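Visitor: Okay, structure incoming, though there's no sequence with it:
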Ligand SMILES: C[S@@+](CC[C@H](N)C(=O)[O-])C[C@H]1O[C@@H](n2cnc3c(N)ncnc32)[C@H](O)[C@@H]1O
(Lines give C-alpha, C1' and ligand atoms only; values in the text may rest on other atoms or scores of the structure.)
Protein backbone atom coordinates (compact mmCIF):
# COMPACT_ATOMS: atom_id res chain seq x y z
CA UNK A 1 0.00 0.00 0.00
CA UNK A 2 1.16 3.54 -0.76
CA UNK A 3 0.75 6.61 1.37
CA UNK A 4 -1.65 9.39 0.31
CA UNK A 5 1.01 11.93 -0.71
CA UNK A 6 2.85 9.34 -2.78
CA UNK A 7 -0.35 8.43 -4.65
CA UNK A 8 -0.98 12.09 -5.53
CA UNK A 9 2.62 12.54 -6.62
CA UNK A 10 2.40 9.47 -8.89
CA UNK A 11 -0.77 10.83 -10.47
CA UNK A 12 0.78 14.27 -11.02
CA UNK A 13 3.96 12.70 -12.45
CA UNK A 14 2.39 10.39 -15.05
CA UNK A 15 -1.36 9.90 -14.33
CA UNK A 16 -0.53 6.36 -13.10
CA UNK A 17 1.39 5.54 -16.30
CA UNK A 18 -1.64 6.46 -18.37
CA UNK A 19 0.18 7.15 -21.65
CA UNK A 20 2.08 3.88 -21.67
CA UNK A 21 -1.10 2.00 -20.71
CA UNK A 22 -2.92 3.61 -23.67
CA UNK A 23 -0.13 2.72 -26.09
CA UNK A 24 0.12 -0.87 -24.93
CA UNK A 25 -3.61 -1.58 -24.53
CA UNK A 26 -4.64 -0.01 -27.86
CA UNK A 27 -1.39 -0.94 -29.69
CA UNK A 28 -0.61 2.63 -30.74
CA UNK A 29 2.76 4.31 -31.17
CA UNK A 30 3.88 7.52 -29.48
CA UNK A 31 3.12 9.78 -32.46
CA UNK A 32 -0.36 8.28 -33.00
CA UNK A 33 -1.04 8.68 -29.29
CA UNK A 34 -0.83 12.45 -29.63
CA UNK A 35 -3.44 12.37 -32.39
CA UNK A 36 -5.60 9.93 -30.36
CA UNK A 37 -5.62 12.47 -27.52
CA UNK A 38 -5.68 15.74 -29.49
CA UNK A 39 -8.99 15.12 -31.28
CA UNK A 40 -10.65 13.14 -28.52
CA UNK A 41 -13.17 15.69 -27.29
CA UNK A 42 -14.62 16.49 -30.73
CA UNK A 43 -14.51 12.84 -31.84
CA UNK A 44 -16.66 11.93 -28.83
CA UNK A 45 -19.08 14.83 -29.39
CA UNK A 46 -19.37 14.06 -33.12
CA UNK A 47 -20.23 10.43 -32.45
CA UNK A 48 -23.41 11.42 -30.59
CA UNK A 49 -26.52 10.72 -32.74
CA UNK A 50 -28.47 13.66 -31.22
CA UNK A 51 -32.26 13.30 -30.98
CA UNK A 52 -32.13 10.04 -32.97
CA UNK A 53 -30.88 8.31 -29.82
CA UNK A 54 -33.84 6.70 -28.05
CA UNK A 55 -32.00 5.07 -25.12
CA UNK A 56 -29.36 7.28 -23.44
CA UNK A 57 -27.35 4.35 -22.07
CA UNK A 58 -26.94 2.88 -25.59
CA UNK A 59 -24.55 5.74 -26.43
CA UNK A 60 -22.12 4.56 -23.71
CA UNK A 61 -22.61 0.81 -24.10
CA UNK A 62 -22.80 0.55 -27.92
CA UNK A 63 -21.62 3.69 -29.69
CA UNK A 64 -18.63 5.34 -27.99
CA UNK A 65 -16.22 2.36 -28.09
CA UNK A 66 -12.74 3.68 -27.20
CA UNK A 67 -13.66 7.35 -27.81
CA UNK A 68 -14.57 7.90 -24.18
CA UNK A 69 -11.23 6.46 -23.04
CA UNK A 70 -9.46 8.93 -25.35
CA UNK A 71 -11.58 11.86 -24.18
CA UNK A 72 -11.14 11.08 -20.48
CA UNK A 73 -7.41 10.45 -20.88
CA UNK A 74 -6.90 13.80 -22.63
CA UNK A 75 -8.89 15.53 -19.88
CA UNK A 76 -7.08 13.83 -16.97
CA UNK A 77 -3.69 14.68 -18.52
CA UNK A 78 -4.45 18.31 -19.37
CA UNK A 79 -6.35 19.03 -16.10
CA UNK A 80 -4.11 17.01 -13.82
CA UNK A 81 -4.08 19.56 -10.96
CA UNK A 82 -7.86 19.60 -10.84
CA UNK A 83 -8.10 15.80 -11.02
CA UNK A 84 -5.42 15.55 -8.29
CA UNK A 85 -7.64 17.70 -6.06
CA UNK A 86 -10.51 15.26 -6.59
CA UNK A 87 -8.14 12.45 -5.57
CA UNK A 88 -7.22 14.40 -2.42
CA UNK A 89 -10.94 14.75 -1.72
CA UNK A 90 -11.62 11.03 -2.00
CA UNK A 91 -8.62 10.34 0.26
CA UNK A 92 -10.42 12.30 3.01
CA UNK A 93 -13.46 10.01 2.85
CA UNK A 94 -12.76 6.69 1.13
CA UNK A 95 -12.77 3.58 3.28
CA UNK A 96 -13.70 -0.11 3.28
CA UNK A 97 -16.12 -1.05 0.46
CA UNK A 98 -16.05 1.56 -2.31
CA UNK A 99 -18.37 1.83 -5.29
CA UNK A 100 -16.99 3.84 -8.21
CA UNK A 101 -20.00 4.31 -10.47
CA UNK A 102 -19.15 5.30 -14.07
CA UNK A 103 -15.45 4.92 -13.33
CA UNK A 104 -14.21 5.79 -16.85
CA UNK A 105 -10.44 5.30 -17.25
CA UNK A 106 -10.08 4.33 -13.61
CA UNK A 107 -8.06 7.20 -12.13
CA UNK A 108 -10.21 7.38 -8.98
CA UNK A 109 -10.76 3.63 -8.65
CA UNK A 110 -7.04 2.88 -9.03
CA UNK A 111 -6.09 5.55 -6.47
CA UNK A 112 -8.65 4.13 -4.04
CA UNK A 113 -7.32 0.61 -4.62
CA UNK A 114 -3.82 1.87 -3.68
CA UNK A 115 -5.12 3.26 -0.38
CA UNK A 116 -4.72 1.38 2.91
CA UNK A 117 -8.13 2.60 4.18
CA UNK A 118 -9.94 0.87 1.32
CA UNK A 119 -10.78 -2.85 1.41
CA UNK A 120 -12.24 -3.34 -2.08
CA UNK A 121 -13.22 -1.10 -4.97
CA UNK A 122 -16.18 -2.05 -7.18
CA UNK A 123 -15.67 -0.40 -10.57
CA UNK A 124 -19.03 -0.18 -12.33
CA UNK A 125 -19.17 1.10 -15.88
CA UNK A 126 -21.59 0.37 -18.68
CA UNK A 127 -18.80 0.62 -21.28
CA UNK A 128 -16.97 -2.70 -21.82
CA UNK A 129 -13.87 -1.01 -23.30
CA UNK A 130 -13.52 1.13 -20.18
CA UNK A 131 -13.86 -1.92 -17.93
CA UNK A 132 -11.27 -3.93 -19.88
CA UNK A 133 -8.86 -0.98 -20.04
CA UNK A 134 -9.03 -0.37 -16.28
CA UNK A 135 -8.72 -4.10 -15.58
CA UNK A 136 -5.53 -4.05 -17.66
CA UNK A 137 -4.28 -0.94 -15.82
CA UNK A 138 -5.01 -2.51 -12.41
CA UNK A 139 -2.85 -5.53 -13.30
CA UNK A 140 -0.03 -3.30 -14.57
CA UNK A 141 -0.14 -1.30 -11.33
CA UNK A 142 -0.36 -4.42 -9.14
CA UNK A 143 -3.70 -3.55 -7.51
CA UNK A 144 -5.94 -6.00 -9.39
CA UNK A 145 -6.87 -7.96 -6.24
CA UNK A 146 -8.52 -4.87 -4.78
CA UNK A 147 -10.70 -4.17 -7.82
CA UNK A 148 -13.87 -5.89 -9.02
CA UNK A 149 -15.28 -4.98 -12.45
CA UNK A 150 -19.02 -4.89 -13.07
CA UNK A 151 -21.50 -3.72 -15.66
CA UNK A 152 -24.18 -2.75 -13.13
CA UNK A 153 -24.44 -2.12 -9.38
CA UNK A 154 -26.55 -5.27 -9.04
CA UNK A 155 -23.64 -7.32 -10.42
CA UNK A 156 -21.47 -6.27 -7.44
CA UNK A 157 -23.78 -8.30 -5.13
CA UNK A 158 -22.99 -5.81 -2.34
CA UNK A 159 -25.96 -4.51 -0.36
CA UNK A 160 -24.25 -1.56 1.39
CA UNK A 161 -21.17 0.46 0.41
CA UNK A 162 -19.10 2.59 2.81
CA UNK A 163 -18.08 5.03 0.09
CA UNK A 164 -19.69 5.92 -3.22
CA UNK A 165 -17.78 7.84 -5.86
CA UNK A 166 -19.82 9.16 -8.77
CA UNK A 167 -17.88 11.86 -10.57
CA UNK A 168 -18.94 13.43 -13.85
CA UNK A 169 -21.55 10.75 -14.47
CA UNK A 170 -24.96 12.04 -13.30
CA UNK A 171 -25.36 14.40 -16.29
CA UNK A 172 -24.89 11.35 -18.57
CA UNK A 173 -27.96 9.51 -17.20
CA UNK A 174 -31.54 9.91 -18.36
CA UNK A 175 -32.79 9.91 -14.75
CA UNK A 176 -30.12 11.17 -12.31
CA UNK A 177 -32.71 11.52 -9.52
CA UNK A 178 -33.46 7.78 -9.59
CA UNK A 179 -29.75 7.02 -9.64
CA UNK A 180 -29.07 8.97 -6.42
CA UNK A 181 -32.11 7.30 -4.83
CA UNK A 182 -30.45 3.95 -5.60
CA UNK A 183 -27.21 5.25 -4.08
CA UNK A 184 -29.14 6.32 -0.96
CA UNK A 185 -30.53 2.79 -0.57
CA UNK A 186 -27.08 1.19 -0.73
CA UNK A 187 -25.53 3.52 1.89
CA UNK A 188 -25.51 2.91 5.63
CA UNK A 189 -25.66 5.71 8.23
CA UNK A 190 -21.87 6.23 8.15
CA UNK A 191 -21.40 6.01 4.39
CA UNK A 192 -20.18 8.96 2.37
CA UNK A 193 -21.09 9.66 -1.25
CA UNK A 194 -19.07 11.96 -3.49
CA UNK A 195 -21.11 13.50 -6.30
CA UNK A 196 -20.69 16.20 -8.91
CA UNK A 197 -22.75 17.08 -11.96
CA UNK A 198 -22.68 19.35 -15.01
CA UNK A 199 -26.16 19.58 -16.49
CA UNK A 200 -25.03 21.65 -19.45
CA UNK A 201 -24.41 20.86 -23.13
CA UNK A 202 -21.63 23.49 -23.42
CA UNK A 203 -21.29 26.85 -25.22
CA UNK A 204 -20.92 25.13 -28.61
CA UNK A 205 -22.70 21.83 -27.90
CA UNK A 206 -19.38 20.18 -27.06
CA UNK A 207 -21.27 17.93 -24.60
CA UNK A 208 -24.35 16.87 -26.63
CA UNK A 209 -24.65 13.80 -24.39
CA UNK A 210 -25.19 15.86 -21.19
CA UNK A 211 -28.74 16.05 -19.87
CA UNK A 212 -29.99 19.64 -19.44
CA UNK A 213 -33.75 19.18 -19.17
CA UNK A 214 -35.13 21.58 -16.52
CA UNK A 215 -37.66 19.12 -15.10
CA UNK A 216 -35.08 16.33 -14.83
CA UNK A 217 -32.71 18.69 -13.03
CA UNK A 218 -35.42 19.91 -10.64
CA UNK A 219 -36.33 16.33 -9.80
CA UNK A 220 -32.62 15.60 -9.19
CA UNK A 221 -32.22 18.50 -6.72
CA UNK A 222 -35.50 17.62 -4.99
CA UNK A 223 -34.23 14.11 -4.23
CA UNK A 224 -30.71 15.33 -3.39
CA UNK A 225 -32.01 17.89 -0.89
CA UNK A 226 -34.56 15.55 0.69
CA UNK A 227 -32.36 12.46 1.11
CA UNK A 228 -28.77 13.69 1.50
CA UNK A 229 -27.00 15.98 3.96
CA UNK A 230 -23.86 17.74 2.75
CA UNK A 231 -20.65 17.13 4.70
CA UNK A 232 -18.25 20.06 4.52
CA UNK A 233 -14.82 19.68 2.96
CA UNK A 234 -12.33 22.47 2.24
CA UNK A 235 -11.12 21.37 -1.21
CA UNK A 236 -11.99 23.82 -4.00
CA UNK A 237 -13.60 21.44 -6.49
CA UNK A 238 -17.21 21.07 -7.66
CA UNK A 239 -17.57 17.64 -6.03
CA UNK A 240 -19.64 17.59 -2.85
CA UNK A 241 -19.62 14.99 -0.04
CA UNK A 242 -22.89 13.65 1.37
CA UNK A 243 -24.26 11.37 4.02
CA UNK A 244 -27.78 9.99 4.24
CA UNK A 245 -30.41 12.01 6.08
CA UNK A 246 -31.59 9.63 8.80
C1 LIG B 1 -17.56 11.49 -18.12
S2 LIG B 1 -17.21 9.86 -17.74
C3 LIG B 1 -16.62 10.02 -16.06
C4 LIG B 1 -15.55 9.02 -15.73
C5 LIG B 1 -14.89 9.14 -14.36
N6 LIG B 1 -15.86 9.04 -13.30
C7 LIG B 1 -14.09 10.40 -14.25
O8 LIG B 1 -14.42 11.26 -13.39
O9 LIG B 1 -13.14 10.57 -14.98
C10 LIG B 1 -18.79 9.09 -17.54
C11 LIG B 1 -18.70 7.58 -17.37
O12 LIG B 1 -19.98 7.07 -17.00
C13 LIG B 1 -20.17 5.84 -17.67
N14 LIG B 1 -21.63 5.60 -17.72
C15 LIG B 1 -22.56 6.24 -18.47
N16 LIG B 1 -23.78 5.75 -18.21
C17 LIG B 1 -23.62 4.76 -17.29
C18 LIG B 1 -24.52 3.86 -16.64
N19 LIG B 1 -25.84 3.88 -16.87
N20 LIG B 1 -24.01 2.98 -15.75
C21 LIG B 1 -22.68 2.95 -15.50
N22 LIG B 1 -21.78 3.76 -16.10
C23 LIG B 1 -22.25 4.67 -16.98
C24 LIG B 1 -19.52 6.04 -19.03
O25 LIG B 1 -19.24 4.83 -19.68
C26 LIG B 1 -18.27 6.84 -18.62
O27 LIG B 1 -17.20 5.98 -18.30
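Guide: Thanks, I have the structure now. Please read all numbers here as calculations on a predicted model, not as lab measurements. Residues are numbered from 1 along each chain as shown.
Visitor: Spatially central residue for this protein, please.
Guide: residue 103 (3.4 Å; C-alpha atoms, centre = their mean).
Visitor: Which strand or helix spans that residue?
Guide: According to DSSP states H and E, residue 103 maps onto no helix or strand at all.
Visitor: pretty sure it is touching residue 127, no?
Guide: No: Residue 103 is beyond contact range of residue 127, at 9.6 Å (criterion: C-beta atoms under 8 Å). Where you see a C-beta, it was placed from the backbone N, CA and C, and this is true even at glycine.
Visitor: The ligand contacts on the chain?
Guide: Applying C-beta under 6 Å from any ligand atom, we find that the chain lies next to the ligand at 57, 60, 68, 72, 101-104, 107, 124-127, 130, 167-169, 172-173.
Visitor: what about burial for these, which qualify?
Guide: Neighbour-count burial within the residues of the chain next to the ligand applies to 60, 68, 72, 101-104, 107, 124-127, 130, 167-169, 172-173; the criterion is 16 or more other C-beta atoms under 10 Å.
Visitor: Among those, which ones are in strands?
Guide: 101, 124 (DSSP state E).
Visitor: hey, where'd the helices end up in the chain?
Guide: With DSSP state H, the ranges of helices along the chain come out as 4-14, 18-25, 30-38, 40-46, 56-58, 67-78, 80-93, 107-114, 128-141, 176-185, 214-227.
Visitor: out of those helices, deepest packed?
Guide: Burial of those is given as mean neighbour count (mean count of other C-beta atoms under 10 Å); helix 107-114 ranks first at a mean of 27.
Visitor: so how far is that helix from its chain's centroid?
Guide: 11 Å (C-alpha atoms, centre = their mean, to the nearest Å).
Visitor: which strands and helices sit next to it?
Guide: Under the contact criterion of 3 or more C-beta pairs under 8 Å, 6 or more residues apart in numbering; DSSP states H and E, helix 107-114 touches helix 4-14, helix 80-93, strand 96-101, strand 118-124, helix 128-141, strand 147-150, strand 161-166.
Visitor: switch the cut-off to 10 Å
Guide: helix 4-14, helix 67-78, helix 80-93, strand 96-101, strand 118-124, helix 128-141, strand 147-150, strand 161-166 (3 or more C-beta pairs under 10 Å, 6 or more residues apart in numbering; DSSP states H and E).
Visitor: Throw those into a markdown table and include mean pLDDT, thanks.
Guide: As requested, the helices and strands packed on helix 107-114 are exported to a markdown table (pLDDT from 0 to 100):
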| stretch | mean pLDDT |
| --- | --- |
| helix 4-14 | 97 |
| helix 67-78 | 95 |
| helix 80-93 | 98 |
| strand 96-101 | 98 |
| strand 118-124 | 98 |
| helix 128-141 | 98 |
| strand 147-150 | 98 |
| strand 161-166 | 98 |
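Visitor: Throw these into TSV and include distance to residue 46, thanks.
Guide: Shown next, in TSV, are the helices and strands packed on helix 107-114 (distance: least, C-beta to C-beta, whole Å):
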stretch	distance to residue 46
helix 4-14	29
helix 67-78	9
helix 80-93	24
strand 96-101	26
strand 118-124	27
helix 128-141	18
strand 147-150	28
strand 161-166	26
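Visitor: So for residue 202, which of these sits nearest?
Guide: Nearest to residue 202, of all those, is helix 67-78, at 13.0 Å by C-beta to C-beta.
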